[in-house]
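Trainee: sequence isn't available, so here's the structure alone:
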């Protein structure tokens, strides 16, 4: 099984996988761009995705990182990938009307893909909210780094 | 603001915070034990928390890690904590009727708490499902390590 | 190639590998115990292993973590392993006459091993130094979590 | 205490700190550029910095990451910083005449700096070695992400 080459078909394919992930559907995740070692995932910041101070929940951002890092790995290794692990750093509280995760391939071999993703909180003003300076704004709120691997590794040697 | 000393009041307090986190409510998280540097968080594995192969989604496990690591940090530092970052390793696919995250304090100073959490997939047989050997089972499916800090650090020196 | 079963031969084998690693020799690392999913690595805290405040350098502790996590992974997967990645948290400044890293297997599959390691600073009093209370002491100074993989994974599928 | 503004004085200051770190001296680390949120650290790949296959040891790369991530954090927070933690991913075996770590600030607040660093293996041909295509080459061999904090945080609240 391989990924479609055509950009529009690839985006449709990626969102088709997302649609089969009930958790990704639950949080409202959707790819808006994918291909050439990059992927962009968006989540509208609904009221039911927050922590007790009203900011986006860290678990939500971790979930966006998990999805984005994995798909960028699949661009390199093919669709049959496993996420070995990831790390996420939270930089500042996330407020706005949506979150955007931008992932990219850092380094890939035949064995694994190392992928990176930055998450931004966006205030486009579409919902009446604007940034601190009353302009549309996009702020970096988290960054993640992960390891994506192929599942069909050779059996253990001992 | 400090945490209650009484174990039952502490558990009630922790689940009260969870109830104010709309995201934690959305995924159905609930503490079943907390205190003495440990915390146990449970999530029933509903059908809307899965990835496309039917396993628990990695983002769900990352979310459980985020919540559990943070509360264990709060046991050491007090309730006004921020999660700086965490890392999660996925060990095997998670299937069963619920996930249980068990967190503990690894090392704490006045400045930060380093906390660890193991996540298990549980088949208790209550829903008719049992482990591979038709017995109740609990399998380690992920492990996480994180850094929890106080928000009121001194302002930057330059 | 497989690892020796006999505990003494396994320890000799591990330190034989260490002896072939010029960097591990440079920092003075040596295994004192290995087997059954655990490994203990020691480094005498020489004067040339420090940072500018006189504490053990973070790079030294990262190096001990790298070596220990990898060997614990080899106990599970066999000697032909690669270290995919690791994370280390520094808990408090490391002072004393030696550092001891204690590693253990957290979870292993045929594909990879997830391994953990705690690093302690030891004051045994052998060099005239004792802990704060003038007794021998062992303090947790860092903790690490890593992913060890087999190199001979299947070639990429696309 | 603040950092020099003049680029040459800042580089001299950074290498002065390095010179006081006996471990950094032991591995031969030296900054070649620093300032504006970036730092470049070099280590000539001596014969005593290797693992048993002749590649640069993972601990060496972890040490370069530790040093580089910390200094980039100090560019944002001032010289009195602590490294809370870092993660490093190994991408491919490192061979060549020197390793170069390039660090940058990802996101900084008054409380902490999140910093990133890529490590390259360089074959410039100066020692008679060239890349696979007999040209000077620079290959990405590892990438790291870390958290740098101020030590003078407020005391714990409980």
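Mentor: Alright, I've got the coordinates. Not measured: the values here are computed from a predicted model.

Trainee: what residues are up against residue A:37?
Mentor: A:72, A:75-76, A:104-105 (C-beta atoms under 8 Å, 6 or more residues apart in numbering or on different chains). (Each C-beta comes from the backbone N, C-alpha and C, glycine too.)

Trainee: ramachandran angles for the residue nearest the centre of chain A?
Mentor: When chain A is reduced to its mean C-alpha position, the closest residue under C-alpha atoms, centre = their mean turns out to be residue A:68, at 2.6 Å. Torsion angles at residue A:68 (phi, psi; degrees, to the nearest 10) stand at phi -70, psi -50.

Trainee: so the nearest residue to it once chain neighbours are set aside versus chain B, what's the distance?
Mentor: Distance criterion C-beta to C-beta, 6 or more residues apart in numbering or on different chains; nearest residue to residue A:68, sequence neighbours excluded, is residue A:103 at 3.9 Å. Applying C-beta to the nearest C-beta, to the nearest Å, the value for residue A:103 to chain B is 14 Å.

Trainee: and what of residue A:124?
Mentor: From residue A:124 to chain B the distance is 22 Å (C-beta to the nearest C-beta).

Trainee: and if you look at residue A:121?
Mentor: Counting by C-beta to the nearest C-beta - residue A:121 and chain B are separated by 15 Å.

Trainee: past the helix or strand containing that residue, which element shows up next along the chain?
Mentor: Using DSSP states H and E, residue A:121 maps to strand A:112-123. For strand A:112-123, the following helix or strand on the C-terminal side (DSSP H and E) is strand A:137-149.

Trainee: so when I look at residue A:74, I'm seeing a helix, right?
Mentor: Yes: under DSSP: H, G, I helix; E, B strand; the rest coil, residue A:74 sits within a helix.

Trainee: where does chain A have low pLDDT?
Mentor: A:126-132, A:152-158 (pLDDT under 70).

Trainee: for it, what spans make up the strands?
Mentor: With DSSP state E as the criterion, chain A has strands at A:30-35, A:38-44, A:82-90, A:98-108, A:112-123, A:137-149.

Trainee: thought residue A:24 was touching residue B:58?
Mentor: No: Residue A:24 is beyond contact range of residue B:58, at 10.4 Å (criterion: C-beta atoms under 8 Å).

Trainee: so what sits against both of those two?
Mentor: Common neighbours of residue A:24 and residue B:58 (C-beta under 8 Å, 6+ apart) are A:63, B:51.

Trainee: sorry, back to before: mind putting the strands of chain A into a markdown table with distance to residue C:43 and mean neighbour count?
Mentor: Listed next are the strands of chain A as a markdown table, based on distance: least, C-beta to C-beta, whole Å; neighbours: other C-beta atoms under 10 Å in any protein chain shown:
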| stretch | distance to residue C:43 | mean neighbour count |
| --- | --- | --- |
| strand A:30-35 | 46 | 18 |
| strand A:38-44 | 42 | 21 |
| strand A:82-90 | 26 | 26 |
| strand A:98-108 | 30 | 21 |
| strand A:112-123 | 28 | 25 |
| strand A:137-149 | 27 | 23 |
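
Trainee: residue D:143 is nearest to which of those strands?
Mentor: strand A:98-108 (5.2 Å; C-beta to C-beta).

Trainee: could you list every helix and strand in contact with the closest one?
Mentor: Here strand A:98-108 touches strand A:38-44, helix A:58-77, strand A:112-123, strand A:137-149, strand D:137-149, going by 3 or more C-beta pairs under 8 Å, 6 or more residues apart in numbering or on different chains; DSSP states H and E.

Trainee: redo those as JSON lines? Include distance to residue D:83.
Mentor: Shown next, in JSON lines, are the helices and strands packed on strand A:98-108 (distance: least, C-beta to C-beta, whole Å):
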{"stretch": "strand A:38-44", "distance to residue D:83": "30"}
{"stretch": "helix A:58-77", "distance to residue D:83": "22"}
{"stretch": "strand A:112-123", "distance to residue D:83": "20"}
{"stretch": "strand A:137-149", "distance to residue D:83": "16"}
{"stretch": "strand D:137-149", "distance to residue D:83": "6"}
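
Trainee: which one, of these, ends up nearest to residue B:1?
Mentor: helix A:58-77 (20.4 Å).

Trainee: chain center to that closest one, what's the gap?
Mentor: Averaging C-alpha positions (C-alpha atoms, centre = their mean, to the nearest Å) puts helix A:58-77 4 Å from its chain's average.

Trainee: of the helices and strands packed on strand A:98-108, which is nearest residue A:88?
Mentor: strand A:137-149 (4.2 Å).

Trainee: next, the angle from the closest one to strand A:112-123.
Mentor: 160 degrees (axes from the mean of the first three to the mean of the last three C-alpha atoms, to 10 degrees).

Trainee: counting contacts, what elements does strand A:137-149 pack onto?
Mentor: Going by 3+ C-beta pairs under 8 Å, 6+ apart, strand A:137-149 lies up against helix A:58-77, strand A:82-90, strand A:98-108, strand A:112-123, strand C:82-90, strand D:82-90, strand D:98-108, strand D:137-149.

Trainee: and for residue A:47, the neighbour number?
Mentor: 8 (other C-beta atoms under 10 Å in any protein chain shown).

Trainee: how close does the closest residue to it other than its chain neighbours get to chain C?
Mentor: Nearest in space to residue A:47, with sequence neighbours left out and distances taken as C-beta to C-beta, 6+ apart, is residue B:22 at 6.1 Å. Separation of residue B:22 from chain C (C-beta to the nearest C-beta): 30 Å.

Trainee: what about residue B:22, how many residues nearby?
Mentor: 16.

Trainee: I'd say it and residue A:55 touch.
Mentor: No: using C-beta under 8 Å, residue B:22 is not in contact with residue A:55; the gap is 11.1 Å.

Trainee: sorry, back to before: need the contacts of residue A:37 in CSV (columns: distance to residue D:141).
Mentor: Shown next, in CSV, are those (distance: C-beta to C-beta, whole Å):
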residue, distance to residue D:141
A:72, 20
A:75, 21
A:76, 17
A:104, 18
A:105, 15
